[in-house]
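Q: next comes the sequence, and after it the predicted model I'd like to discuss.
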Amino acid sequence: MKKKLKIIDEICKRHPASGVEKGWSEYTGGMKDTGSWFVRKMLDCSKKELQEFLDKKIEEESKPREETKYSGKVVWCGSNWIQEEEAKFIQNMEEQSERIFFRID
């Protein structure tokens, strides 16, 4: 029983979103970002099942995370830096607005 409780303690140190699929936790994301673990449900499971779940979580945590990289240019636009595509879009929208406002064809 002590071994099972140690495994459950290690699982509960992690974010509760990871246990929702198994029915071992509840989690509400968003601005509030709340959640909790259902320890009693985990006590009904076998040590093997708990250990496999914990091992899977440890493996996922140890994987290096991919960084999002942007290869485009960043340009100064008014009062802040924005991506070049966004600057082109803003310029195009301003030109379209002028055409509509001044009725230029």
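A: Looks like it came in fine.
Q: in this structure, where is pLDDT below threshold?
A: Filtered on pLDDT under 70, the chain yields the residue ranges 68-71, 105.
Q: that one: strands as residue ranges?
A: With DSSP state E applied, the chain shows strands at 25-28, 34-37, 74-77, 80-83, listed in chain order.
Q: helices or strands up against the second one?
A: Translated: strand 34-37. Under the contact criterion of 3 or more C-beta pairs under 8 Å, 6 or more residues apart in numbering; DSSP states H and E, strand 34-37 touches strand 25-28. C-beta coordinates here come from the backbone N, C-alpha and C atoms, glycine included.
Q: any idea how far residue 59 is from residue 41?
A: Per C-beta to C-beta, to the nearest Å, residue 59 is found 23 Å from residue 41.
Q: these two: who's more crowded?
A: Taking other C-beta atoms under 10 Å, residue 59 and residue 41 do not tie; residue 41 has more neighbours (13 against 9).
Q: looking at it, that one is touching residue 24, isn't it?
A: Yes. Taking C-beta atoms under 8 Å as the definition, residue 41 is a contact partner of residue 24 at 5.5 Å.
Q: elements contacting the longest helix along the chain?
A: In the chain, with assignment by DSSP state H, the single longest helix is helix 84-102. Other elements packing on helix 84-102 under the criterion 3+ C-beta pairs under 8 Å, 6+ apart are strand 74-77.
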